[in-house]
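Visitor: The following block contains a protein sequence and its predicted model.
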Amino acid sequence: MLATSSAQGYLRQVNPAWTAVLGWSADELTGRPFLNFVHPDDIAITVRETDLSTSGQSTDGFCNRYRAKDGTYRWIEWSSSSIHNGVMYCSGRDVTQRKMEQELLVAEQERLHVTLQSIGDGVITTDIDGIITSINPMGESIMGWSATEAIGKPIDQIMHLVDEKARGTVANPLIEALRQRSTIKRDLALLVRRNGRDCAITESASPIQRADGKLLGGVLVFQDVTEKRKSEAHIKYQATHDQLTLLLNRAEFERVALQLFQDARTNNNQHCILLLDLDAFKAVNDQGGHMAGDEMLKRISSLISTKLRVADSVARLGGDEFGVLLQNCPLHIAERIAGQLIEAISAYRLEWEGHTFKVGACIGLTRIFNESGSMKEIIAIADAACYRAKAAGKNQFKIG
């Protein structure tokens, strides 16, 4: 779009591009003030730019909106010379599409900014070398670092990730994502926050690439799942433990027993199972009440646990019945443990509201090894051995 105008701002000549862009004919444009076609919001800045030309300066890259014949406005980018002999020479080009794209980009960036500020996930972006370029408020909160402190530093320096058990440092998934140019997800990691406290997180890291594949940086999205893990652990604990004694419950006992059974079949290892019934427990309930009975069960449960090895398991199967699983245990060791349990239980006394209560124990014992029958048959053998011990008198065990 080429044009000349007078020093007073009247269009004198326009080329056909004006008609192509705005729809006005040359006759409709010439002889009229160009400000008549400028968007009202752009008049002030247009006057300032015109004054620059009047004062002898050239302008370049100035944009304003011109009204088209159909009532719409088009963005025009201008270059103009200073006024010579009362004439100003101007050239312009239609940049409406570029302006629209810029506005869309700005709007998208604003939406992204608002989203990142309010999202419930921590978000960190880095350059191609893993240097932090941004961190949102949730990321600041989770890690304990402000954006001002974190930006410009390597992500490994700010985000210290460790193995949950070994406590050794583990690689940041964003560094791996940048190296592999692929998304890396990790369901669980431990983040050591700035204050030294652990925080369980889930992570997803991805490279940021242009359409042509050029790597621009990376983004890491992470969530604090500490409370969620605690809640899940609590629910799992309740599902696998007896609420009174805090020992394993029957379902969990059977699950662990099946694992040992499969291990014996697969790896030719030997384990042992003990089924234990208390003697004279009914008298505790009858004479001291159910609270005394509950207290006796809790004390006996604790007593049994102290006599077992670290790898062993004990469960309350119901009422006054208990089950013990001795992992990687030969028969003679199991016999010794059974004897120790009977001795400890029979020696225990519960003092309750001026009364002294005691109980005994009978145990049925059998092996879990590669030639054993089914798990159901193994439990039946141990149960039958326990009945034989009861029939033979108190405080003894029998082997099935």
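Guide: Perfect, thanks for sending it.

Visitor: for the closest residue in space to Ala68 that isn't next to it in sequence, what are its contacts?
Guide: Spatial nearest neighbour of Ala68, excluding adjacent residues (CB to CB, 6 or more residues apart in numbering): Leu22 at 4.5 Å. To be clear about C-beta, it is placed using only N, CA and C from the backbone, and glycine gets the same treatment. Listed by CB atoms under 8 Å, 6 or more residues apart in numbering, the contact set of Leu22 reads 37, 66-69, 74.

Visitor: Could you break this protein into its assigned domains?
Guide: Domain ranges of the chain: 2-99, 119-229, 241-399, per automatic domain parsing.

Visitor: Run through the bridge partners of Gly217.
Guide: Ile208 (DSSP bridges).

Visitor: how much space between it and Ile235?
Guide: Distance, Gly217 to Ile235, by CB to CB, to the nearest Å: 39 Å.

Visitor: Just want to know which of these two has more residues nearby.
Guide: Set Gly217 next to Ile235 and count neighbours by other CB atoms under 10 Å: Gly217 wins out with 19 against 10.

Visitor: isn't the more buried one right up against Ile128?
Guide: Yes - shown here, Gly217 and Ile128 form a contact pair, counting by CB atoms under 8 Å, at 5.7 Å.

Visitor: Name the residues contacting each of these two.
Guide: Counting by CB under 8 Å, 6+ apart, the residues touching both Gly217 and Ile128 are Leu178.

Visitor: And the helices in the stretch 301-400 of the chain?
Guide: For the stretch 301-400 of the chain, the helices defined by DSSP state H, counting those that start in this stretch cover 331-347, 375-392.

Visitor: okay, and for the protein, where does confidence drop off?
Guide: 82, 106-119 (pLDDT under 70).

Visitor: Pull up the gap between the residue lying farthest from the centre of it and Ser6, please.
Guide: Distance from the centre of the chain peaks at Asn85, with 71.5 Å (CA atoms, centre = their mean). From Asn85 over to Ser6 the distance is 11 Å, taken as CB to CB.

Visitor: Run a quick neighbour tally on Asn269.
Guide: 15.

Visitor: What's the local residue count around the residue lying closest to it once chain neighbours are set aside?
Guide: The spatially closest residue to Asn269, leaving aside those adjacent along the chain, is Asp263, at 5.3 Å (CB to CB, 6+ apart). Residues near Asp263, counting by other CB under 10 Å, number 17.

Visitor: Asp263 and Ala347, how far apart?
Guide: Distance of Asp263 to Ala347, computed by CB to CB: 34 Å.

Visitor: Val38 now?
Guide: Distance, Val38 to Ala347, by CB to CB: 103 Å.

Visitor: So between those two, which is more surrounded?
Guide: Neighbours were counted for Val38 and for Ala347 using other CB under 10 Å; Val38 has more, 20 against 10.

Visitor: So the residue lying closest to that one once chain neighbours are set aside versus Trp78, what's the distance?
Guide: Excluding the flanking residues, the one nearest Val38 by CB to CB, 6+ apart is Thr46, at 5.2 Å. Look at Thr46 and Trp78: by CB to CB, they are 9 Å apart.

Visitor: so what's Ile43 up against?
Guide: Contact analysis of Ile43 by CB under 8 Å, 6+ apart lists Leu35.

Visitor: which is the next helix or strand following the helix or strand hosting it?
Guide: Ile43 is part of helix 43-54 when elements are defined by DSSP states H and E. Remark: after helix 43-54, the chain's next helix or strand is strand 59-67, criterion DSSP H and E.

Visitor: wait, isn't Ile379 in contact with Leu258?
Guide: No - the pair Ile379 / Leu258 is not scored as a contact, 10.6 Å apart, by CB under 8 Å.

Visitor: of these two, who's got more company?
Guide: Ranked by neighbour count (other CB under 10 Å), Ile379 and Leu258 place Ile379 first, with 21 against 12.

Visitor: any idea how far the more buried one lies from Leu341?
Guide: To Leu341, Ile379 is 18 Å away according to CB to CB.

Visitor: and what of Pro207?
Guide: 60 Å.

Visitor: of these two, who's got more company?
Guide: Taking other CB under 10 Å, Pro207 and Leu341 do not tie; Leu341 has more neighbours (23 against 20).

Visitor: can you tell me how far the more buried one sits from Asp277?
Guide: For Leu341, the distance to Asp277 - CB to CB - is 12 Å.

Visitor: Please enumerate the shared neighbours of the two.
Guide: Residues touching both Leu341 and Asp277 (CB under 8 Å, 6+ apart): 361, 363.

Visitor: ok so, going back, overlap in contacts, Thr46 and Trp78.
Guide: In contact with both Thr46 and Trp78: Asn64, using CB under 8 Å, 6+ apart.

Visitor: give me the beta-bridge partners of Val324?
Guide: Going by DSSP bridges, Val324 forms beta bridges with Leu274, Val314.
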